[in-house]
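Q: Below: sequence and its predicted model.
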Amino acid sequence: MPKRLRLEKRLSRSLFIVLLHYLFCVSFLSSSTVPFLDQYRRRRYIGTTHFLLVVIVRIMQNLFQKNQNQNTSIDRIRALNGRSNDKHRRIGNRRTTRTKKNANNNSSSSSSSRRRTESSSALASSSSSSSTPKTDDDEEKTIVVVGAGWAGWGAAKALSEANVKVILLDGLSDPTGRTKDVTESGKPFEAGVRGFWKDYPNIYNLVTEYLKLREEDVFTEYTRSSFYSPDGLEATAPVFAGADLLLPSPLGQVFATFDNFKRLPIQDRASMIGLLYAVVDLNRNEKVFEKYDRATAHELFAKTGVSKRLVDDFLKPTLLVGLFKPPEELSAAVTMELLYYYALAHQDSFDVRWIKSKSIAEMIVAPMAEKLQKEHDLDVRGGCFVKSLNFKNGDKSRVDSITYFDTKLKKEIDIDCVDGVVLALGAKGLKQVISKSPDLAKNAPELTAASSLGAIDVCSVRLWLDKYVATDTPANVFSRFDALRGAGGTFFMLDQNQKDSENELWGNKDPRGSVVACDFYNSSSIATLSDEDIVKTLMNELLPECVEAFRDANVVDSCVRRYPQAVSHFSPGSFSKRPPLQTSIDNVVCAGDWVRLGDREFGAKGLCQERAFVTGIEAANELVFKTFGKAASEAKKHPVIPIRADELQVVLSTAVNKRVLEGVDDMLSVFSDGAFNVFGFR
Ligand SMILES: Cc1cc2nc3c(=O)[nH]c(=O)nc-3n(C[C@H](O)[C@H](O)[C@H](O)COP(=O)(O)OP(=O)(O)OC[C@H]3O[C@@H](n4cnc5c(N)ncnc54)[C@H](O)[C@@H]3O)c2cc1C
């Protein structure tokens, strides 16, 4: 037997024994009814057993992690090998196509030589009849990706690399990120400051491996974040990157953040413990997950004994900036997924960093778009609002054409004979498309259901000040301020995050002071104020309440922008209505942070760029599978890098809980639907 296996076996045995001791300690020794040990010895016994437990769990976790990493790297190497083979194949194919093009009298645009035809709607019927016949050649497949957010780009990249002709449509005037978004006075603006957390492996891989950029040129260091309330500084989230010893979760977080909470009493913090059980229980089976989903996060907090103070001072503001709604309007299931992924999975899960200069669009999207356009002829069309997906004659199993409104040409255009469609839209976009596509609405009831879901308003503000304001941390959260009018709020000191390119923050003029980016989430109420009043609210009420020095600063320039229904709302009971990856229509798939991935479910959760990007890749993989069949699609599949494995204590507790409660489920199935829920959710 290999040495490692022997060690693992021995450790498992020791863990089991220490665990028994520990249970014995907790159940009997802590009670004063046991006379044979004095208080001092009893404490020492419990302490030593606890210490041993932590050490063994830690060693096993390291072993487990090593195994996982080994497996993951093997998978990655296999996947990358697969891709490099694919690349050789693709180069061959492209040559064939070029020859074909040359034979076709050197037709300059590949699209003109395609069977696909495009026309203004007046010509739609005649143009479809002029389509060239279908061939099985890879390059003849045309797939339209609707929406160029992270999900749309994930799909466009995966499909382009699978040798498919891709048309990417978005209502934004330039979705390639090449055109700078500037204010009226020529200063840069970006809709919302978005963080990159520790577990965003696919985005980091895109940046370093695909775009060959250096992480330190694109992202800041991981930064600390502060939470402010009307009482002052409430808490600071630390950074764990580079720490010598990471403890098992959640012990690590508890110990390491002991001094970081300035006001919240320890007993309130300890009341979080009940939620740990919900984490373990949440994914026991689909029915249990749906029960958690139907409950609100507020109900879950109450039932698990979380204190009101912890909810009001910490959880509510965190959810308002994490899922953009208060706990009473959020699904308990998605809330637990979010808390686990961003805070509980590993001690350093909450480590977050930001874009180091310019914007995400300029730093990541623009080079990605350029590479895909250069290497794969990706066709990106901005200012194009998709109106409808259309079926051909009686065939309701496949979408055959797409109609969009081109705001530059000011006319409707049809793309005929499409082989597949990726709907990488949020709820608002999907609603617009479904309302104009009666056949799609009729034949894909799941899309109609998804389009009935709500979305959340966001409002972003940038302030250019005449003085530098020093803050403890560059990223900050507003908590419990009446002036927020029910919104969640954050403020970011861009002069700190982007200090190497400060001139650019001022539109390439001399910097005069701090540049502050403030975002309001769930902003319907505060967004009704005028721009001037929003700026006043920030400068007179919110910012100086957090950091006094803002009182001495004046606004040199400002910009306020509103984004109605910009992000997914994970409301209670919404899970079953969220769009599935594969729709009822054979050649239509969905992508986006709100999409249910089924058996392709991925570790990144909630409103999350990494999740959106991965759903795009998976939607493309699904469409490639549908288009080319199992054998051919294997080689074309875009790899997805998994999130770090769960820690051993989570794996063990989940397994034990599952085993015990499935027994209970079996017993109860005689009387009910067989999904027992400890907290009594229906
Ligand atoms: C203010 C703010 C702060 C955030 N902070 C973070 C953060 O810190 N970290 C993080 O990971 N995530 C953050 N997020 C969430 C993250 O940005 C999203 O989860 C992610 O971008 C969703 O990507 P998507 O592709 O699914 O959707 P979207 O980005 O919404 O893309 C959908 C696209 O579809 C287009 N579209 C809509 N309708 C049509 C139509 N009819 N025709 C053509 N195109 C259409 C839209 O123009 C849009 O470009 C934040 C979001 C916001 C708004």
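A: Great, that's in hand.
Q: The protein against the ligand: which residues are in contact?
A: 146-152, 169-172, 192, 194-195, 385-386, 424-426, 429, 432-433, 458, 519, 566-567, 592-593, 607-609, 612 (Cβ under 6 Å from any ligand atom). Glycine gets a C-beta too; all of them are placed from N, C-alpha and C.
Q: Please list the members of those residues that lie in helices.
A: W150, A151, G152, G429, Q432, V433, Q609, A612 (DSSP state H).
Q: Hmm, A483 and P230 touching each other?
A: No. Assessed by Cβ atoms under 8 Å, P230 is found out of contact with A483, at 9.2 Å.
Q: Could you pull out the strands in the stretch 101-250 of the chain for me?
A: 118-120, 142-146, 165-169, 196-197, 225-229, 232-237 (DSSP state E, counting those that start in this stretch).
Q: Please enumerate the strands of the stretch 551-682 of the chain.
A: Counting by DSSP E, counting those that start in this stretch, the stretch 551-682 of the chain has strands at residues 555-568, 588-590.
Q: Mean neighbour count, those: which tops it?
A: Compared across these, strand 588-590 shows the largest average neighbour count, a mean of 29 (mean count of other Cβ atoms under 10 Å).
Q: Just the mean pLDDT for that strand, thanks.
A: Mean per-residue pLDDT for strand 588-590: 98.
Q: picking up where we left off before, let's see if you can find the most crowded of the ones in helices among the residues of the chain next to the ligand.
A: A151 (31 neighbours; other Cβ atoms under 10 Å).
Q: Just the mean pLDDT for whichever strand or helix holds D281, thanks.
A: Assigned by DSSP states H and E, D281 falls within helix 273-282. Mean pLDDT, helix 273-282: 87.
Q: just checking, what packs against it?
A: Here helix 273-282 touches helix 286-294, helix 297-303, helix 332-339, helix 648-668, going by 3 or more Cβ pairs under 8 Å, 6 or more residues apart in numbering; DSSP states H and E.
Q: Would you mind giving the strands of the stretch 551-682 of the chain as JSON lines with distance to K636 added?
A: Formatted as JSON lines, the strands of the stretch 551-682 of the chain follow (distance: least, Cβ to Cβ, whole Å):
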{"stretch": "strand 555-568", "distance to K636": "29"}
{"stretch": "strand 588-590", "distance to K636": "15"}
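Q: pLDDT weak spots in the stretch 151-300 of the chain?
A: In the predicted model of the stretch 151-300 of the chain, residues 244-245, 251-252, 255-258 satisfy pLDDT under 70.
Q: and the residue in it that the ligand sits nearest to, how many neighbours?
A: Residue nearest to the ligand within the stretch 151-300 of the chain: G192 (2.3 Å; Cβ to the nearest ligand atom). Neighbour count for G192, taken as other Cβ under 10 Å: 18.
Q: for the stretch 501-650 of the chain, what spans make up the helices?
A: With DSSP state H, counting those that start in this stretch applied, the stretch 501-650 of the chain shows helices at 502-505, 531-536, 543-546, 609-636, 648-668, listed in chain order.
Q: Quickly list the domain ranges of the chain.
A: For the chain, automatic domain parsing gives the domain ranges 1-108, 109-175+382-454+572-636.
Q: Quick check: pLDDT value at S558.
A: S558 is assigned a pLDDT of 98 by the prediction.
Q: That one: what's it in contact with?
A: Each residue near S558 by Cβ atoms under 8 Å, 6 or more residues apart in numbering is listed here: V461, R462, L463, W464, D531, V535.
Q: ok, the residues you listed vs the ligand, which is closest?
A: Distances from the ligand to those, taken by Cβ to the nearest ligand atom, are shortest for V461, at 10.9 Å.
Q: What average pLDDT does the helix or strand harbouring the closest one get?
A: In this assignment (DSSP H and E), V461 forms part of strand 455-465. The predicted model assigns strand 455-465 a mean pLDDT of 98.
Q: what do you get for stretch 391-407?
A: Confidence for stretch 391-407, expressed as mean pLDDT, is 93.
Q: what sits up against that stretch?
A: 121, 124, 128, 144, 146, 169, 171, 173, 381, 383-390, 411-418, 421, 436, 439-440, 442-443, 585-588.
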